[in-house]
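>>> Provided below for reference: sequence and predicted model.
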Amino acid sequence: MIEIRDERPTDLSAREQLLDTCFGPARFLKTSERLREGRMPANGLALTAELSGRVVGTVRLWHVEAGLKRPALLLGPLAVDPSLRGHGLGSTLMWASIGRACALGHSAIVLMGDAPYYARFGFSGDLMTGLSMPGPFERARFLGLNLRKGALDGASGILSASGTLEEAACPEGLDARRQAA
């Protein structure tokens, strides 16, 4: 049985391997990565899916500002072991992360992703028309979800990292992979 639980420091190496398998080195080139670099995910919002002691899924959310003084969370990356795709694990991780963000009192979630997939969770590009990313991005993949009524309504400006910078525990070799990308 797959267990969805809080990410542990001992998961980091397996998590990075899963992300390498799912996204390859190009993941380090994405604008979303610039908003995550050198930071830790939001407290309580790094989830791991485990099957028989093996990391098979991951999702993290990060503090950002969606325009001036509009707190939000940036979701990503969401990854599922290729051998388990199509079995609902991605949806389970999404619902768990959205539920956790709501329970912790967050107001909105933004992400870069496939609009048809994320629409089932309530994400829409309509909320993001006044916002942009701090680098190249695909407008059609820039999606938002209000957890509190009106949280992103009328938001404008550039998405930016917020919260305290923290030293992230990097798995061995991660910095070298980032630099090679």
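Looks like it came in fine.

>>> Show the backbone phi and psi for the residue lying closest to residue 84 once chain neighbours are set aside.
In space, and not counting its chain neighbours, residue 84 is closest to residue 56: 5.6 Å by C-beta to C-beta, 6 or more residues apart in numbering. All C-beta spots, glycine's among them, are computed from the backbone N, C-alpha and C. Note on residue 56: backbone dihedrals following degrees, to the nearest 10 are phi -120, psi 0.

>>> wait, residue 56 sits on residue 80?
Yes: counting by C-beta atoms under 8 Å, residue 80 is a contact partner of residue 56 at 6.9 Å.

>>> Identify the contacts common to these two.
Residues touching both residue 56 and residue 80 by C-beta atoms under 8 Å, 6 or more residues apart in numbering: 49, 89.

>>> residue ranges with poor pLDDT in the chain?
163-181 (pLDDT under 70).

>>> residue ranges for the helices of it, please.
Listed in chain order, the helices of the chain (DSSP state H) span 12-23, 31-36, 89-103, 115-119, 174-180.

>>> Spatially central residue in the chain, please.
Centroid-nearest residue in the chain: residue 76, 1.7 Å away (criterion: C-alpha atoms, centre = their mean).

>>> Against residue 22, how distant is that residue?
Per C-beta to C-beta, to the nearest Å, residue 76 is found 12 Å from residue 22.

>>> Is residue 144 in contact with residue 108, as I believe?
Yes: at 6.2 Å, residue 144 and residue 108 qualify as touching, with contact defined as C-beta under 8 Å.

>>> between those two, which one's more packed in?
The neighbour comparison of residue 144 against residue 108 (other C-beta atoms under 10 Å) goes to residue 144, with 25 against 22.
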